[in-house]
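Visitor: Give me a model of this one.
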Amino acid sequence: MSVPSGSAVGSTGKGRRRPGRLAPVVGKARKQLQNALASAGYPQRVLVACSGGPDSLALAAIAAYFGRRGHVDGHPVAVAGVVVDHQLQPGSAEVASGTAAVLRELGLSPVEVRAVEVAATGFGPEAAARDARHSALESAADDLECEAILLGHTLDDQAEQVLLGLARGSGTRSLAGMRPARGRLLRPFLGLRRDETLEICEVEELDPWHDPSNADPVFARSRTRVEVMPVLEDKLGPGVAESLARTAAILQQDADFLEDLANETYLSLVQREDGDAWLPEDAVRELPAALRFRVIAKAAADVGGQQPGYGRLQAAEALLRRQGSAGPVELPGHVSVYRLSLSDLEQERAVPTRASTTGAAGDPADAGPREAARCGKLVFRHQKPSQQ
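Guide: Below is the predicted model of the structure:
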């Protein structure tokens, strides 16, 4: 059965493989999902997010196998499905309802369609659609009491993510790509190629829907998929996608280590006062650069800011090399960071110190505040946006 572009996904029969020898690609996919669920502690209720495309439809078919069995490695499991309708293309409701019908034929239960409004966020249409989709998935998982949400991202998606990060000059966190597990989100197919999900759909007698936006050159990811990756494979030889995905896996370990170390370091240094967060500049200055930038970013997030870009982090870090008080440097999310020098801190304490230099019996006042000011500090303050 052939499905025209823009129409609903279809299936022949029940979308189940004919009796006979197990196709190797199906066995491989089952093993990957099995391992992902084992790593997640064998959640009893899982939710498959399915767009009707080859990747997520193949995932639904593999998850349905375990749902029909009722267990994974002897641990009980039930499989539900959700289709998110972004309402961005003509006929999207038809595609969504058709996909939901196929999921029900596969045996997923219950299956829901969730329509979302994709609002402009300032970070581009892809990011806005992703935010709306993830919000709908989390809401559906809550309502259906599912402990895990299965996403159909493949090795090719991971390779494209890393390549886009390289092109944008991103740091370790971005180059580490998509995580196999993040909260309730599980990506069991990061070890499968896109061609393999197409093969699974063929074996399972499923006709996937092909999203026209995946080939739309207006999107950077689409250009990477359709134009850039084929050229790299042609000029550099096969295996480029696997190498990029392997890079992500390696960097995930490095990023996790640095993140844990930065978090420990930040918590050991941060002081809070009247809603501000501040860091002793001498201690921050002595940190290795990889930690120093991460600690500054954590301070900005701590007072309600967003992740700063590298240029803004450099500007904030440069305050450590200024003479006297300096700043503010503006960071995303209405956060200002500035340096207070030691001399300015001493002047701030001079008036209250002189006012209480002697007690009733002429004893020196408590020197605690002055002892705390052994160096300048970086202060992070959230500024409420002005009302226009």
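
Visitor: Next, the contact list for the residue nearest to E145 when sequence neighbours are not counted, please.
Guide: Closest residue to E145 apart from its sequence neighbours, by CB to CB, 6 or more residues apart in numbering: R45 at 5.9 Å. Heads up, the C-betas are built off the backbone N, CA and C, glycines and all. Applying CB atoms under 8 Å, 6 or more residues apart in numbering, we find R45 in contact with V77, A78, A80, L144, E145, C146, E147, A148.

Visitor: Would you reformat these as JSON lines and include neighbour count?
Guide: Output for those, formatted as JSON lines (neighbours: other CB atoms under 10 Å):
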{"residue": "V77", "neighbour count": "20"}
{"residue": "A78", "neighbour count": "19"}
{"residue": "A80", "neighbour count": "23"}
{"residue": "L144", "neighbour count": "17"}
{"residue": "E145", "neighbour count": "11"}
{"residue": "C146", "neighbour count": "23"}
{"residue": "E147", "neighbour count": "15"}
{"residue": "A148", "neighbour count": "23"}
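
Visitor: which one of those sits closest to V95?
Guide: For the contacts of R45, the closest approach to V95 (CB to CB) belongs to A80, at 19.4 Å.

Visitor: so where's the stretch 251-388 of the chain uncertain?
Guide: 342-375, 385-388 (pLDDT under 70).

Visitor: List the buried residues in the longest helix along the chain.
Guide: In terms of residue count, the longest helix belonging to the chain (DSSP state H) is helix 240-269. Residues 240-241, 244-245, 247-248, 251-252, 255, 258, 262, 265-266, 269 are the ones in helix 240-269 that count as buried (16 or more other CB atoms under 10 Å).

Visitor: coming back round to it: in TSV, list the contacts of R45 along with secondary structure.
Guide: As requested, those are exported to TSV (DSSP: H, G, I helix; E, B strand; the rest coil):
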residue	secondary structure
V77	coil
A78	strand
A80	strand
L144	coil
E145	coil
C146	coil
E147	coil
A148	strand
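
Visitor: Now distance to Q89 too, for those residues, in CSV please.
Guide: Rendered in CSV, the data for these read as follows (distance: CB to CB, whole Å):
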residue, distance to Q89
V77, 33
A78, 32
A80, 25
L144, 26
E145, 31
C146, 27
E147, 32
A148, 29
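
Visitor: Distance to C50 and pLDDT for those - can I get that in a markdown table?
Guide: Below are the contacts of R45 laid out as a markdown table (distance: CB to CB, whole Å; pLDDT from 0 to 100):
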| residue | distance to C50 | pLDDT |
| --- | --- | --- |
| V77 | 17 | 98 |
| A78 | 16 | 98 |
| A80 | 11 | 98 |
| L144 | 14 | 96 |
| E145 | 19 | 97 |
| C146 | 14 | 98 |
| E147 | 18 | 98 |
| A148 | 14 | 98 |
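
Visitor: Mind picking the one among those residues that's closest to E233?
Guide: Closest to E233, out of all of the contacts of R45 and judged by CB to CB, is A148, at 33.2 Å.
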